[in-house]
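S.K.: Turn this into a structure:
(chains A, B, C and D)
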Protein chains: 2
Amino acid sequence: MHSLHDVSCITGTLDGVTDTRWLDEDEQRAWRAYLRMQAQLTARLGRQLQADAGLSLADYEVLVQLTDAADGRLRPFELQRCLQWEQSRLSHHLARMQRRGLVERQECPEDARGAFVAITEAGRAAIETAAPGHVATVRRLFLDHLGRDQLRTLEQLADQVTAGIDADG
Amino acid sequence: MHSLHDVSCITGTLDGVTDTRWLDEDEQRAWRAYLRMQAQLTARLGRQLQADAGLSLADYEVLVQLTDAADGRLRPFELQRCLQWEQSRLSHHLARMQRRGLVERQECPEDARGAFVAITEAGRAAIETAAPGHVATVRRLFLDHLGRDQLRTLEQLADQVTAGIDADG
DNA sequence: AGGGAATGCATGACGTGTCATGTAGGTTGT
DNA sequence: ACAACCTACATGACACGTCATGCATTCCCT
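M.R.: Numbering: from 1, shown residues only, chains lettered A, B, ... in the order given. As a prediction, this is how the structure comes out:
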């Protein structure tokens, strides 16, 4: 009943052999439960958004940030920092969103290297259409199944892990 | 300071207008914290696996299932059920893994429609190389930052949500 | 037995994400 | 002023995921 992952493996003392501390039963169950939930949740939320509003989750996140911005526009590098995306991912994605008319580029006088990315009217319309259904789905698939205490634990847990990852380099 | 998402929106009674219950402060923070963590975690784990073993997270999951199987082989539809993947995703992915020599196809006498997918020696070697580093990374980025109580809460929470999603259709 | 429905799987098109690399424009030190 | 460096961003190649569709084979019902 044991795979690579649920046995504690104590090897000998051969040179170069690093002993691996595998996951114990509790860790294994929790980690796999998390993986299952996250995969299912992401898939469902993505499908719902795509079907009901023609947006991907990535589109949605970008549009949320632009909507929250003062002028409905941001420098790509600002967007990158708050989304925590790879630079090239953002670049490609903005190009696609521009092609679809969800965002537009604007000149940036104070730094000729870059530009502004601004949400368009179509972009605003898209996210305003998408938001109610998306929030409802987040509730139905996720929040509705959690108690307030679980919600707090989750937030704290997530913040700890995120902080650890950031600190890790 | 408010976007589409953190205000409670009570509209009038126009026909067809559905009132949306937006996320309150706690829900908003928890949900966003979760999204951040999950994005960062997935990205880091994927990069580590790719860099150290030339495998994607998807490859890894497939190989784990095949390793756990009795004969090191499964029918694609069994793999699909336990991974909870889209059928076409699995089909495409197995084709790529086959091209790379990580798995192979075997005839299935008792059902001529399908076949078996079996892990190859190269596949076994790949996951055995990958596993220690991957488990270590899961520890370092995730488990090490959690207490036993948080771990239990997470598992329970994830199971609740997953059950809810399954029940949702 | 035989015809319709369901099952197991593949494929093409297309959007998405990553890595490696390129380039124009800024900044800094001497 | 100019070289070295850094910053902001784009791009090509390629792996990955989804949807729609196609196609055998098997199942089930009469």
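S.K.: and the host helix or strand of A:A136, does that touch DNA strand C?
M.R.: Assessed by DSSP states H and E, A:A136 sits inside helix A:121-141. No: against DNA strand C, helix A:121-141 shows no contacts by Cβ under 7 Å from any atom of the strand, the least distance being 12.0 Å. C-betas here are computed from N, CA, C, even on glycine.
S.K.: Packing partners of that helix?
M.R.: Under the contact definition 3 or more Cβ pairs under 8 Å, 6 or more residues apart in numbering or on different chains; DSSP states H and E, helix A:121-141 sits against helix A:25-53, helix A:57-68, helix B:148-167.
S.K.: my read: A:V62 touches A:R96, true?
M.R.: No: counting by Cβ atoms under 8 Å, A:V62 does not reach A:R96; the two are 10.3 Å apart.
S.K.: more neighbours, those two?
M.R.: A:V62 (26 against 13; other Cβ atoms under 10 Å in any protein chain shown).
S.K.: so what's the more buried one up against?
M.R.: Contact partners of A:V62, counting by Cβ atoms under 8 Å, 6 or more residues apart in numbering or on different chains, are A:79, A:83, A:93-94, A:97, A:103.
S.K.: of the residues you listed, closest to DNA strand D?
M.R.: A:L94 (5.7 Å; Cβ to the nearest atom of the strand).
S.K.: ok, now which ones touch the closest residue to the closest one other than its chain neighbours?
M.R.: Excluding the flanking residues, the one nearest A:L94 by Cβ to Cβ, 6 or more residues apart in numbering or on different chains is A:V117, at 5.7 Å. When contacts are counted by Cβ under 8 Å, 6+ apart, A:V117 touches A:66, A:73-76, A:79, A:94, A:103-106.
S.K.: same question, A:L90
M.R.: Applying Cβ under 8 Å, 6+ apart, we find A:L90 in contact with A:76, A:79-80, A:83.
S.K.: returning to what we had before: in CSV: the contacts of A:V62, plus pLDDT and secondary structure.
M.R.: Output for the contacts of A:V62, formatted as CSV (pLDDT from 0 to 100; DSSP: H, G, I helix; E, B strand; the rest coil):
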residue, pLDDT, secondary structure
A:L79, 98, helix
A:L83, 97, helix
A:H93, 98, helix
A:L94, 98, helix
A:M97, 98, helix
A:V103, 98, strand
